[in-house]
Each structure stands twice: as C-alpha cells, then as structure tokens.
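>>> Following is a predicted model, sequence given first.
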Amino acid sequence: MLNFKTVSKSFPNDIETIHVLKNISFRIETGEFVAIMGPSGSGKSTLLGVAAGLDKPDTGSVILDDVDLTKEDETNLADLRAKKIGFIFQNFQLLPGLTAVENVGIPLFLDPTLSEKKILEKAKSILDSVSMGQRAGHFPKQLSGGEEQRVAIARSFVNDPKIIFADEPTANLDSKNSQTILDLLLYRNQKQGTTIIVVTHDPDVAKLADRILYMHDGEIVKEIRNKVANKKPINFSQSSKKTEKVSVKKVPLKKKNLKRSK
C-alpha cells in the first residue's frame, strides 16, 4: 500500500540545513492502522506530508499503490489525492469564503461526473456523521476551533479514500467529540478497510493502532505492535442516529472555479 524507501528531507536556512527526515524506510499494508509518535520537531508532520504527496523528499522513493509519488507531477498527484487520499490537517486548511458543507465537498468538485447537488448532499451527510450537520451553512470564521476540526475531518472522508492521513485529529476536541472522531476512524478502518496513518501525542489514540512508529530527530527509532485486545470494539450503529435537518446556505460555486492547489 505505502512504501518508504530511504527517504530524506531537509530544509536549508541562512545558518544551516535542517535535516528533518533521515534515510527513513518502512512499509504499511492495506487496511493497517498506524500511529506515529514522537516529540515535537521530530519530523512527524513532514513525514505525513511526504507520504501524501504534498511535499517531495530530497532523496528516496514514496510508493503508494504501485505509484512512485516522487516521480509524478502536481496534476497527477492532485488526481491521485482526489481519488484515493484523505488528509486531516492540524491547522484545518478550510477556505474562508466557503461554508462548512462546501469545504467538505471540495474533493468531489474535481469529479466532472458529479453534479453540485449530489456533491452537497453527500457533504451534508458526512457532516451529519461528525455531528456538524446543524452548522453546514456556516463559514469557518463562525465556527469554534473544535468545529473547524470536525469539518476538516469530514472533508477527509467525503471521497471515500483508500488511505487517510491524520495530523493530530483530536488535538482541538473535547473528550466526547474526540471519541466520536476515533470511532469514525475505527469504523473506516475495521469495516471499510481504509488504511489509517495518524500522527498523535495522545497515547489513548496510539493504543488503538495496529502499530506505533516512534520518531526522534528525523528517524524512526522504535516500532511497537499493539495487542489485538487494545483495539476496543466500537458501536457501529452510532452513525445511524438521525440528525436534525437544516437548510444549507447557498453560495454560488462552480466546479471550474475550483483549481487544484499545489
């Protein structure tokens, strides 16, 4: 599914070159749930961005479903992300001029076979699943940090990705909403076979994973395989709960105006 081969990444500045990833190699199989842990500055978020094709390494290869991301141009990478990848950003990355439901639908607007009506209907359904249906017509500036996080998480689900990369997905949420998001990630993993890769500082999140990769100073220094008993069964009927129907504030939105971002 995902294969890192001797991947290195550095960032030069006026004083020195910061080596963020140092000759990293690992493999993640289809359907695995993998947590990446380590102190701040150890390279976790950089690794996640390289894995999703959002950034290119200096050396090495990153192979996702037999495609070497390091050799693809941005157009091909954007198509691949739209079809196969969901990404939960730590800083949300919501577009301020779009409502919550429109932000969630963004990945689907790259599909010319879907009408705007179908896109917004699916986006609304995903918002309902993260208890944000009642805020569908609100803009990011009208949402709390936790609500923005849930919109960002919903956006990562909307294209039914084969793999989800999550950078601290529960960092801005209270315990109740954190559990909701973890249950949804586990549902995607256990019942839909979605591969999940999560960067986290939270041991309660990490213990749900099949494996934990520990990073320090740009290197993977340890790997732990969790016991099956640690993966708590979840109540998959939760998503069947009905959510109050709300009107969605319409903002003119055309597919042709949504350009692929680099």
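Yep, it's here.
>>> Where does the prediction get shaky in the chain?
Applying pLDDT under 70 to the chain picks out residues 228-262.
>>> residue ranges for the strands of it, please.
Ranges of strands in the chain, per DSSP state E, are 2-12, 17-28, 33-37, 59-64, 67-68, 85-88, 163-167, 195-199, 211-216, 219-225.
>>> TSV for these, including mean neighbour count and distance to His138?
All C-beta atoms are positioned from the backbone trio N, CA, C, and that covers glycine. Listed next are the strands of the chain as TSV, based on neighbours: other CB atoms under 10 Å; distance: least, CB to CB, whole Å:
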stretch	mean neighbour count	distance to His138
strand 2-12	17	35
strand 17-28	17	36
strand 33-37	23	32
strand 59-64	18	34
strand 67-68	14	37
strand 85-88	23	19
strand 163-167	24	23
strand 195-199	24	27
strand 211-216	19	36
strand 219-225	14	40
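>>> Can I get those strands in CSV including distance to Gly105?
Below are the strands of the chain laid out as CSV (distance: least, CB to CB, whole Å):
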stretch, distance to Gly105
strand 2-12, 26
strand 17-28, 28
strand 33-37, 26
strand 59-64, 24
strand 67-68, 25
strand 85-88, 13
strand 163-167, 17
strand 195-199, 22
strand 211-216, 33
strand 219-225, 36
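>>> which one of those lies closest to Glu148?
strand 85-88 (11.4 Å; CB to CB).
>>> of all the strands of the chain, which lies closest to Ser144?
strand 85-88 (16.9 Å).
>>> Against which helices or strands is that closest one packed?
If contacts are counted by 3 or more CB pairs under 8 Å, 6 or more residues apart in numbering; DSSP states H and E, strand 85-88 sits against helix 145-157, strand 163-167.
>>> rerun at 10 Å
helix 44-51, helix 145-157, strand 163-167, helix 175-192, strand 195-199 (3 or more CB pairs under 10 Å, 6 or more residues apart in numbering; DSSP states H and E).
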